[in-house]
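1. from the sequence below, what's the structure:
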Amino acid sequence: MPRLGLGPVICDHLRVNGVARILVVDDEPYITDLLGAALRFEGFSVEVAATGREALDMAQRGRHDLVLLDVMLPDVTGTEVCRRLRAEGNHTPVLFLTARDATEDKVAGLTVGGDDYVSKPFSLDELVARIHAVLRRTARMADADPTRLTFADLEMNDDTHEVWRQGVLIELTATEFNLLRYLMANARRVLSKSDIVDNVWTYEFDGDPNIVETYISYLRKKIDSFDPPLIHTIRGVGYSLRIARDRETDRA
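-> From the prediction side, this is the model:
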């Protein structure tokens, strides 16, 4: 295999949680085609993006296990993409690809929330090893406290039934807590009223599904008394816990 440098494909790497989903972001089609093919051969599921804005849109819509992110993009730099992801509460691991070897570039990437970096030229076996190392590390962090959920500046402890936003303890009723837990466990997904009823109201519920609107309103008064608002209505579809960047969401 030609060198980016790319070395020989290694087929026996440890799989992490089955098939890991990787978003590859680079503006050079040769690189994305080559990395996409090689990583799929390794057993990964791969999506590709050519610009920073495309990467942000795909990261918001999808649920990736890792973003392989080139620093030098034509519109938004890789470091800025990572910074925006972290500001939106997206903690998907980011592994930077950079042709620049300056220490300040590496520090900048790690400072905005990157998890690791690989300098070009690199071999494929080194890249895949780094990917697995990042995935194992983040998996251990997730397993360390499975009762705690976080999104942006919102935290939940399922054991103690405590919720904090910006470090402030928020008192929730049992139903409000269960509703918020479901939203946080499915952050950035759009959830219909029927989805929420089926998963939050654990007893058989034959009442008006508009009760979801009532409890969303209760929850907003407590959670979204802080900025930015996190609970959004997607008109005609449902609700989503996210930080909106565009006009697709409405707080009504």
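2. dihedrals phi and psi, residue 81?
-> For residue 81, the backbone dihedrals (degrees, to the nearest 10) come out as phi -60, psi -50.
3. beyond the helix-or-strand element of the chain with minimal mean pLDDT, next helix or strand please.
-> Sorting the helices and strands of the chain by mean pLDDT, DSSP states H and E puts helix 103-111 at the bottom, at a mean of 73. For helix 103-111, the following helix or strand on the C-terminal side (DSSP states H and E) is strand 116-119.
4. any idea of the mean pLDDT in that following strand?
-> Averaging pLDDT along strand 116-119 gives 85.
5. what do you get for stretch 88-100?
-> Rounded mean pLDDT across stretch 88-100 is 83.
6. same question, stretch 63-83
-> 91.
7. and that stretch, which residues are buried?
-> Within stretch 63-83, the residues that qualify as buried are 64-71, 73, 76-79, 81-83, counting by 16 or more other CB atoms under 10 Å. Placement of C-beta: from N, CA and C, glycine included.
8. over to stretch 19-35?
-> Neighbour-count burial for stretch 19-35, counted by 16+ other CB under 10 Å, picks out 20, 21, 22, 23, 24, 25, 26, 27, 31, 32, 34, 35.
9. list the contacts of stretch 149-159.
-> 87-89, 91, 147-148, 162-167, 177, 180-181, 184-185, 187, 223, 226, 230, 241, 243 (CB atoms under 8 Å, 6 or more residues apart in numbering).
10. for PyMOL, write the select line for the buried members of those.
-> To isolate the buried ones among those in PyMOL, judged by 16+ other CB under 10 Å, type:
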select buried, resi 88+89+91+163+165+177+180+181+184+187+223+230+241+243
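11. what about the contacts of stretch 149-159, which are in helices?
-> Those of those mapping onto helices are 87, 177, 180, 181, 184, 185, 223, per DSSP state H.
12. out of those residues, what pair is the most spread apart?
-> Spanning the widest gap among those are 87 and 177, at 25.9 Å by CB to CB.
13. what about residue 35, distance to residue 124?
-> Noted for residue 35: a distance of 8 Å to residue 124, by CB to CB, to the nearest Å.
14. over to residue 169?
-> According to CB to CB, residue 169 and residue 124 sit 48 Å apart.
15. and these two? Which one has more around it.
-> residue 124 (22 against 9; other CB atoms under 10 Å).
16. does that one touch residue 37 like I think?
-> No: with contact defined as CB atoms under 8 Å, residue 124 does not count as touching residue 37 (10.6 Å).
17. residue contacts, residue 37?
-> Contacts of residue 37 (CB under 8 Å, 6+ apart): none.
18. need the CA coordinates for whatever helix or strand it lives in. CSV is fine.
-> Assigned by DSSP H and E, residue 37 falls within helix 29-41. Only the C-alpha atoms of helix 29-41 are listed here, as CSV (Å, rounded to 0.1, in the frame of the first residue of the first chain):
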residue,chain,number,x,y,z
PRO,A,29,-10.6,12.6,-1.9
TYR,A,30,-7.6,10.4,-2.3
ILE,A,31,-7.1,10.4,1.5
THR,A,32,-10.8,9.8,2.4
ASP,A,33,-11.1,7.0,-0.3
LEU,A,34,-8.0,5.3,0.9
LEU,A,35,-8.7,5.6,4.6
GLY,A,36,-12.3,4.7,4.1
ALA,A,37,-11.5,1.5,2.2
ALA,A,38,-8.7,0.5,4.6
LEU,A,39,-10.7,1.1,7.8
ARG,A,40,-13.7,-0.8,6.4
PHE,A,41,-11.4,-3.7,5.6
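19. mind listing what's buried along the helix or strand just after that helix?
-> Downstream of helix 29-41, the first helix or strand assigned by DSSP H and E is strand 45-49. Of the residues in strand 45-49, 46, 47, 48, 49 count as buried by neighbour count, 16+ other CB under 10 Å.
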